[in-house]
Structures are given as C-alpha cells and as structure tokens.
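Asks: predicted structure and sequence below. I'll ask about it afterward.
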Amino acid sequence: MIDLSGKVTLVTGGSRGIGAAVVRTLAGAGGDVVLHYGRSHERAVALADEVGRERCHLVRADLEDQACVPALWRDAVAWKGRVDVLVNNAGIYVAAGVDADFETWAATWARTLGVNLVAAAHLCREAVRHFRERGGGAIVNVASRAAFRGDAPDYTHYAASKAGMVALTRTIARGFGADNIVAFVVAPGFVRTERVERRMRDHGEDSVLDEIPLGDMASPEDVANVVAFLASGLARHATGATIDVNGASYVR
Ligand SMILES: NC(=O)c1ccc[n+]([C@@H]2O[C@H](COP(=O)([O-])OP(=O)(O)OC[C@H]3O[C@@H](n4cnc5c(N)ncnc54)[C@H](O)[C@@H]3O)[C@@H](O)[C@H]2O)c1
C-alpha cells in the first residue's frame, strides 16, 4: 500500500538504529533516500550499498555544529533537485543529573538541545522554505515518549529537547498547512537498538520490559513503518499529530 516512488526523503542519523531501519523501509517502498550520518562512515557506505547506490545518496555532517545545516540541506537538494520529505531522526542521549558539576550539567544541556532540537529546527526551516516554493512537503520529527511522560532524572535535558520538538512540529503544522506542508511527531518508547540492548545488559531485561504491556520492545522497523506511512501522504489530515510507538507503556 505504501508507495514512495518519486519521493526524495532526507533522513538524519540514518546509518544505524531507527534511522537505518527508516532508510531500508523507505527505499524498500520505492523511495529515494538522502542518508545523513555523522561519524559512522563505514556503516553509512555499507547501508547505501545494501539498498542500492542509485536509490541512496550519502551526506556527512556533524550536527554538534549547527552551522553545518544550510550546507547539509543544499547537498541533499542537489542530488535530485528537490527533497519531498524531511525525517529528523538524529539524536543523542547523554546522562547528566543535578549532582553533576555545573560545567558538565550546562555542557550536556547545551549539547543535547543543540543536536536534538536546534539542528532539527534549522533543518525544518530549510524544509519549510523549500516546500513553500515547491507546493508542499512533509516533515516527520522523531521525538520520544519522554516529551510527554518525562524521563529519568539524569535526562531532564533529553526530555526537554524532545518536548521542544513536539512544539516545533505542531507550530509548523498550524503555520504552514495552507502551503500544503504537513508535519508529524513520532514518539517511541524503548526501541530495540544497540543503545537499549546495552542498557538491558547493564541493568537486566526486566528494567525495560516490565513497564511495557505488550511484553516486548518495539523494533526499529515498527518505528520505520510509521515514518513511511506518514511520509507517504496517506495521512495528510493527521498533520500536527503525534503517533506513539510505545506498546502502551505510556498512554497519553
Ligand atoms: N532507541 C530508543 O529506545 C528511542 C526511544 C525514543 C526515542 N528515540 C529517538 O530515536 C532517534 C534514533 O535513536 P536510536 O535509538 O536509533 O539512536 P542511535 O544512537 O542508534 O542513533 C542516533 C543517530 O543519530 C546520529 N547522531 C547523533 N549525534 C549526531 C551528530 N552530532 N551529528 C550527526 N549525527 C548524529 C547517530 O550517528 C545515529 O545515526 C533519536 O532521536 C532518539 O532520541 C529512541
């Protein structure tokens, strides 16, 4: 049912985890994908080879330096002459609680807001300007359950960055709907990625699974399928909405 042929999607943080599943799913549905990555060059190249080089264009940029965003966007647009969908997936999850020294606390807030929210906002700005000229487009921002429920105390900055992403997305949906621009949030709970697998090794499986009524974690593909659906244009009137992917561990 989902046919993305003819659509060009920029996926940030596409070399691993949820982002890699999104790249595979979009390409599998016939889409062309600009795979943005930060440091994992080998993985990005391997994934581009896997889905087919004619289907996948690689762009490298470190989002810790948000000034890179206009050049990143220009590079993405230059491949096929346009981008139809932006998926802001790249994100970091770094601990710093109230008992950390002030420098660590402040640096972690700045770094997390920078990568998770400000870089995503700069990309949304580029996308809105481009979509307005082209008669429309779609944005899918990958936030988190933490935006609504909050997170563990060591991750106040992470939860705040994801809540900011929700407000950013809703504002774009309301402000630019008349330009045929739609914007959605996808809010995962725990997703079985390498990071979460590590946490389960350190703290035990139960630390994650106990809180999920479905009894297992979402797979990266679960999230990718939702992103593909939203990117396809099949849910245009759901613009502004958040789709939760958390196995009912937090029902809003
Ligand atoms: N895994 C989960 O349980 C979970 C839950 C809720 C939300 N999320 C969100 O989903 C998204 C993907 O998470 P994931 O679990 O796949 O994480 P991950 O750590 O496996 O992947 C994150 C991606 O972001 C990229 N990235 C991080 N910092 C970057 C930088 N400075 N410059 C360029 N790229 C950078 C990484 O290279 C990687 O490709 C994130 O936004 C995360 O917050 C994940």
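Replies: All right, it came through fine.
Asks: for Ala231, list the residues it contacts.
Replies: Going by C-beta atoms under 8 Å, 6 or more residues apart in numbering, Ala231 touches 4, 7, 9, 26, 31, 85, 87, 138, 140. Where C-beta positions appear, they are placed from N, C-alpha and C, glycine not excepted.
Asks: looks to me like Arg174 is in a helix.
Replies: Yes: per DSSP: H, G, I helix; E, B strand; the rest coil, Arg174 lies within a helix segment.
Asks: what sits against the closest residue to it other than its chain neighbours?
Replies: Distance criterion C-beta to C-beta, 6 or more residues apart in numbering; nearest residue to Arg174, sequence neighbours excluded, is Gly240 at 6.4 Å. Counting by C-beta under 8 Å, 6+ apart, Gly240 touches 169-170, 173-174, 183-184.
Asks: helices of this protein, start to end?
Replies: Using DSSP state H, the helices of the chain run over 17-28, 41-51, 69-80, 102-112, 119-134, 146-149, 156-176, 194-203, 206-209, 220-231.
Asks: indicate which one of those is closest to the ligand.
Replies: helix 17-28 (2.2 Å; C-beta to the nearest ligand atom).
Asks: show me what counts as buried in that closest one.
Replies: Across helix 17-28, burial judged by 16 or more other C-beta atoms under 10 Å covers 17-27.
Asks: just stretch 158-177 next, same as before
Replies: Neighbour-count burial for stretch 158-177, counted by 16+ other C-beta under 10 Å, picks out 158-166, 168-170, 172-173, 176-177.
Asks: before we move on, the earlier item: how close does the residue nearest to Arg174 sit to the ligand?
Replies: From Gly240 across to the ligand, the span is 19 Å (C-beta to the nearest ligand atom, to the nearest Å).
Asks: Gly204 too?
Replies: From Gly204 across to the ligand, the span is 16 Å (C-beta to the nearest ligand atom).
Asks: may I have the phi/psi pair for that residue?
Replies: The phi/psi pair for Gly204 (degrees, to the nearest 10) reads phi 90, psi 150.
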